[in-house]
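Undergrad: Return a 3D structure for these sequence lines:
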Amino acid sequence: MFSPLEVAIKPSRILGWLQILSHLLVVVLLVQSVLPLYAVSSLIVLAGLSLWFGFRQRSNAVRALRWDADIPSIALYVPEEGWVSAQVLESVLVWRWLLVLRVHAAGRRWRLVLLPDSVTRGAFRRLSVIARLAPMQLSEPDQATRN
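TA: Predicted coordinates:
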């Protein structure tokens, strides 16, 4: 198969622009609303904080993914922690233009949203195929052996 596959992940420009546009739409709708001025201004501040936290969170995001479907095991590269092995692959969503992996690793739940511009075209295709065909159960990294 395609395993093992190691992919570098960069922040998606499409996802960033969608986030900006959705927050701008919220601000425009708030300005057009009939709410009192103090409510509109506080909600606009909350929308700005939400956008700021969203972009701040992108800097601490997963930078690489290593997926070996033959063993099966998944590891994520987080800048401050290094390579973290995943214990559970909770769910997979595979569409032609979108790949969402919900992974439980290092006591945290990670939701990897990958669009074609966040990885190379070939890597996105290979990840989509592995995600469709790979089993959901992951083996422990220390006990992983090939059959």
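Undergrad: could you say what helices and strands the longest helix seen in the chain packs with?
TA: Identified as the longest helix of the chain according to DSSP state H is helix 37-59. Judged by 3 or more C-beta pairs under 8 Å, 6 or more residues apart in numbering; DSSP states H and E, helix 37-59 is in contact with helix 13-32. Quick note: C-beta positions are derived from backbone N, CA and C, even for glycine.
Undergrad: which of the residues in the helix it packs on are buried?
TA: 15, 19, 23, 26, 30 (16 or more other C-beta atoms under 10 Å).
Undergrad: before we move on, what about stretch 51-59?
TA: Residues of stretch 51-59 classed as buried under the neighbour-count rule (16+ other C-beta under 10 Å) are residue 51.
Undergrad: and that stretch, how far from the chain's centre?
TA: 13 Å (C-alpha atoms, centre = their mean, to the nearest Å).
Undergrad: neighbouring contacts of that stretch?
TA: Residues outside stretch 51-59 that contact it (C-beta atoms under 8 Å, 6 or more residues apart in numbering) are 11, 16, 19-20, 23.
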